[in-house]
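J.: have a look at this prediction, sequence included:
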Amino acid sequence: MTDTAFVEGIIRILFVVVIVAAAYIISTRNLLSLVSVYAIQSLTLVGIALALYSVEGSAVLLAIAVITFATKVLVIPYFIATIQERIRIKRDIEFHYLNPTTTLLLSMALMLVVYIALTRILPPTVGPSLFFFGAVIGISLMLMGMMVTFSRKKAITKVMGYLSMENGVLIFGMFVTELPFIIEFLIIIDLIILVLLTTILSVGIDTTLEEYHNRLHRFYLWEEKEDLS
Amino acid sequence: MILVAYILATVLAIVAILLCHTNRRMNAVTIVHGLGFGAITIAALLSGPVPITSFAFGSQFFFIDHLSIFEILIAVVIFTLSAVYAGGYVESLIATGELEKGSLRLFYASWSLLFLVIVLAFCSDNLALFWILAEMTTIISAMLIAVLSAKENIDAAIKYIFVASAAMLFSFVGFIFLFEVSRETIGQGTLNWTVLIQNASAFPAGLMIACFALVFIGFAAKSGIFPFHTWLPEAHAKAPSAVSALLSGVLLNVGIYAIIRMMALVHQTDAARIVSPFLMLFGILTIAIAAFSMLPQKNLKKLIAFSSIENMGVLLVGIAIATPVALFWVIFYIMAHAFTKAELFLSAGILHRQYHSKFSGDAPDEIRNVFRFQPLAAWGMIIGGLAIIGIPLSPIFLPKLFILLQLGAVSLWLLLVVLILLFIAASALGYFVIVSFTQGLSKEKPFEIEPYITPMGMKIPVIILILLIVALGIFFPSGEISFINQIVTELKF
């Protein structure tokens, strides 16, 4: 096994990357870079999973790393980027209730709340260790993603928020406990279907209806293929 | 075996649907599919001692107990009757151009798939697997809402997906907590409900509260509990009426089912003392929000959708009381509500075909001379409306009465508040029916209404459901009572 302290240091740096990426997703108005930032965030997750694997040596973590890389770094971002090209919307400047600055401040406050709440809930054995830190980051990431989902108007940005939430759940799951692999796998499948459906529907929201129907028919075949995989 | 039969039947149904070309044939396939599921479920019930835990494969992931069979049977009745209804309804949707012919296959295939996923969800022993299947029900039912070619449908579907899925992620975090709890108390991490319920009394209360609160967020969203109810009126009102019946009668049950199962776990620990008031609060808030939203409502389907929210609130109050008597009537209430709500939505569907505004789904329904044009739907609305309010002899009367009596034993003030809220909701429903059903043709602007000829296929399900509601309210066979009693004992209340 590799040096634990060194790996811990790396994981801490990766945590910072994840949070910075989340902050960028919250505040940016540029849709194109949103997808790449999401891909970077997922890649960081792969890094965390691999780092944990080097310490714990559990095969599930390796499998999670592989499947995350395949789906969240490659397939989903590629799919969303193609859809975005078709919609031809580059900027999302509409916000429902919160503007980016408020959201950023709010998310900092939320992280503090999560930290305090988790110190009370989690058993004291977990303590202020790396694993505790992972749980805090996971839940904070979820809440930040949720704010994106509910403060943006464009469906495609909502999808990004949801995906970022899901990354939070993954981090939380990795650090708090070890779920059976089959469950993780099914969740990924579920996620792919959800993303496919919502992005296809979001094309409908963001273009006129007639165009949408023409496009929908083109997508049907593709969607079915993905379902089978 | 049973599991294989369910999956095989659905695969056959979907293949048949993909091979068919006309609405009528695809519709026939879905009806047969519903009947087939009914036969399989009854065979499962008769074949051996329930709960069944040993399947041909993956026995640790699936099981069937009395509660599952109960929920599956409700789903079978509603799916089959709605499928019969959908035949005529879809025909008329195609005639008015609201549904494109190309989407027919997608519609019926999703219908069959939804049925399978719901049944599997009710059979899952593993809570994480249940979570995944419940999440799939959201996605597939959203597809059924979005299938109509209107932008507002897509809007409603997207709202539904985001509210429900985002909330469901919190549930998953709750399940991760539960896994960790079981690993610390049992020694080996598991999410199998049958194992958890046997060891639940040893779980630490503090963690169980956190667990329950997180899981509750997701399934409250699935069952339209305040403050996650916002998607429900939109989705139920915009969906085709046959689908609305499924959403209200079966899909809301998925959420309540999960809350009942979790409550069964929490009930055995000290956490119940904190969780019960918490559920009570949300239940009463839900009833309040629904009641006050029903008052100014001018759109029939939205009104019925809010009534669903109100009933889910009553169910939550019943679960919060958590005595065996209350739980018995909660289970009964689930069945009564499912049938009544399906009947209401199917009747509303006929009225919607006759009177709906061609311009917007949000516009108030202009119902005129209803007894001349659609007598059956009008009487369906009246009987269903009276039944959902819970007048004596309707199936909802006794459950509501006993839940309220039990609530009175907890606190008289709460009882008073709930009674007033229920009265407001009932009067909103009554007011709408009285005002709109007594409208004749206006004399200043006489306009011709083209009568919508309701096909037999749409009338029969409504008639069957009315008979079923009346029968449920009058007869209490001993088999039914012992069946529900068994559910309560299995849940260890």
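T.: Yes, it's here. Residues are numbered from 1 along each chain as shown, chains lettered A, B, ... in the order given.
J.: which stretches of chain A form helices?
T.: Along chain A, the segments classed as helices by DSSP state H run A:4-27, A:31-56, A:59-68, A:76-87, A:100-121, A:130-151, A:155-176, A:181-206, A:209-228.
J.: could I get the buried residue list for the second one?
T.: Read that as helix A:31-56. Buried positions in helix A:31-56, judged by neighbour count with 16 or more other C-beta atoms under 10 Å in any protein chain shown: A:31, A:34-35, A:37-55. Placement of C-beta: from N, CA and C, glycine included.
J.: if we can go back for a sec, of all the helices of chain A, which has the lowest average per-residue confidence?
T.: Lowest mean pLDDT of the helices of chain A: helix A:209-228, a mean of 46.
J.: what does stretch B:194-204 rub up against?
T.: For stretch B:194-204, contacts defined as C-beta atoms under 8 Å, 6 or more residues apart in numbering or on different chains pick out A:123, B:51, B:53, B:63, B:125, B:127, B:178, B:181-182, B:184-186, B:190, B:264-269, B:271, B:491-492.
J.: distance between the ends of that stretch?
T.: Taking C-alpha to C-alpha, to the nearest Å, stretch B:194-204 runs 18 Å from one end to the other.
J.: with stretch B:88-103 instead?
T.: Start-to-end, stretch B:88-103 (C-alpha to C-alpha) is 16 Å.
J.: nearest spatial neighbour of B:Tyr333, skipping sequence neighbours?
T.: B:Pro399 (3.8 Å; C-beta to C-beta, 6 or more residues apart in numbering or on different chains).
J.: how far away is the one you found from B:Val314?
T.: Distance check for B:Pro399 against B:Val314: by C-beta to C-beta, to the nearest Å, it reads 8 Å.
J.: ditto for B:Ala378
T.: 26 Å.
J.: quick one, which of these two is more surrounded?
T.: Counted by other C-beta atoms under 10 Å in any protein chain shown, B:Ala378 and B:Val314 do not tie: B:Val314 has more neighbours, with 28 against 21.
J.: for the closest residue to chain A within the stretch 201-350 of chain B, give me its contacts.
T.: Proximity of the stretch 201-350 of chain B to chain A (C-beta to the nearest C-beta) peaks at B:Ala210, 4.7 Å away. Counting by C-beta under 8 Å, 6+ apart, B:Ala210 touches A:121, B:174, B:177.
J.: if I look at it, how far off is B:Leu169?
T.: 15 Å.
J.: what do you get for B:Ile78?
T.: For B:Ile78 relative to B:Leu169 (C-beta to C-beta), the value is 28 Å.
J.: now do B:Val266
T.: 21 Å.
J.: check B:Ile466 too.
T.: In terms of C-beta to C-beta, B:Ile466 sits 41 Å off from B:Leu169.
J.: higher neighbour count, these two?
T.: B:Leu169 (24 against 21).
J.: touching, the more buried one and A:Val169? I think so.
T.: Yes. Contact status for B:Leu169 versus A:Val169: in contact at 5.4 Å, counting by C-beta atoms under 8 Å.
J.: mutual contacts of these two, please.
T.: Common neighbours of B:Leu169 and A:Val169 (C-beta under 8 Å, 6+ apart) are A:Met142.
J.: CA atoms of stretch B:177-193 as CSV?
T.: The C-alpha trace of stretch B:177-193 is given here as CSV (Å, rounded to 0.1, in the frame of the first residue of the first chain):
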residue,chain,number,x,y,z
PHE,B,177,-27.0,6.1,6.5
LEU,B,178,-29.3,3.1,7.1
PHE,B,179,-26.7,0.8,5.6
GLU,B,180,-24.1,2.2,8.0
VAL,B,181,-26.5,1.9,10.9
SER,B,182,-27.1,-1.8,10.1
ARG,B,183,-23.4,-2.4,9.7
GLU,B,184,-22.7,-1.1,13.1
THR,B,185,-25.6,-2.9,14.9
ILE,B,186,-26.0,-6.2,13.0
GLY,B,187,-22.3,-6.5,12.0
GLN,B,188,-22.9,-6.9,8.4
GLY,B,189,-24.2,-4.0,6.2
THR,B,190,-27.6,-4.7,4.7
LEU,B,191,-30.5,-2.9,3.3
ASN,B,192,-32.9,-5.9,3.2
TRP,B,193,-36.1,-4.8,4.8
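J.: quick one: the helix with the most length in chain B to helix A:100-121, angle?
T.: With secondary structure taken from DSSP H, chain B has its longest helix at helix B:151-185. In terms of direction (axes from the mean of the first three to the mean of the last three C-alpha atoms, to 10 degrees), helix B:151-185 departs from helix A:100-121 by 30 degrees.
J.: output the set of residues of chain B in proximity to chain A.
T.: B:100, B:102, B:106, B:126, B:128-129, B:132, B:135-136, B:139, B:142-143, B:146, B:149-151, B:154-155, B:157-158, B:161-162, B:165-166, B:169-170, B:172-173, B:176-177, B:179-180, B:183-184, B:189, B:204, B:206-207, B:210 (C-beta under 8 Å from any C-beta of the partner chain).
J.: buried subset of those residues?
T.: By 16+ other C-beta under 10 Å, these give B:100, B:106, B:126, B:128-129, B:132, B:135-136, B:139, B:142-143, B:146, B:149-150, B:154-155, B:157-158, B:161-162, B:165-166, B:169-170, B:172-173, B:176-177, B:179-180, B:184, B:189, B:206-207, B:210 as buried.
J.: any idea how far the residue nearest the centre of chain A lies from B:Gly385?
T.: Nearest to the geometric centre of chain A sits A:Ser164, at 2.5 Å (C-alpha atoms, centre = their mean). As judged by C-beta to C-beta, A:Ser164 and B:Gly385 stand 44 Å apart.
J.: swap in B:Ala326?
T.: 25 Å.
J.: so between those two, which is more surrounded?
T.: The neighbour comparison of B:Ala326 against B:Gly385 (other C-beta under 10 Å) goes to B:Ala326, with 26 against 22.
J.: pretty sure the more buried one is in a helix, no?
T.: Yes. Counting by DSSP: H, G, I helix; E, B strand; the rest coil, B:Ala326 is found in a helix.
J.: so it makes contact with B:Leu405?
T.: No. Assessed by C-beta under 8 Å, B:Ala326 is found out of contact with B:Leu405, at 9.1 Å.
J.: pull the CA atoms of the lowest-mean-pLDDT helix or strand in chain B into PDB?
T.: Of all helical and strand segments in chain B, the minimum by mean pLDDT, DSSP states H and E falls on helix B:370-373, at a mean of 75. Taking C-alpha atoms only, helix B:370-373 is exported to PDB below (Å, rounded to 0.1, in the frame of the first residue of the first chain):
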ATOM      1  CA  VAL B 370     -73.700  18.500 -18.200                       C
ATOM      2  CA  PHE B 371     -76.600  16.200 -17.500                       C
ATOM      3  CA  ARG B 372     -77.800  16.400 -21.100                       C
ATOM      4  CA  PHE B 373     -74.400  15.800 -22.700                       C
END
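J.: which SSE is immediately downstream of it?
T.: helix B:375-389 (DSSP states H and E).
J.: packing partners for the helix or strand following that next one?
T.: Remark: after helix B:375-389, the chain's next helix or strand is helix B:397-410, criterion DSSP H and E. Here helix B:397-410 touches helix B:300-321, helix B:324-355, helix B:412-437, going by 3 or more C-beta pairs under 8 Å, 6 or more residues apart in numbering or on different chains; DSSP states H and E.
J.: turn these into JSON lines, including mean pLDDT.
T.: Converted to JSON lines, the helices and strands packed on helix B:397-410 look like this (pLDDT from 0 to 100):
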{"stretch": "helix B:300-321", "mean pLDDT": "91"}
{"stretch": "helix B:324-355", "mean pLDDT": "89"}
{"stretch": "helix B:412-437", "mean pLDDT": "89"}
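J.: which one of those lies closest to B:Lys459?
T.: Across the helices and strands packed on helix B:397-410, B:Lys459 has its closest neighbour in helix B:324-355 (8.0 Å, C-beta to C-beta).
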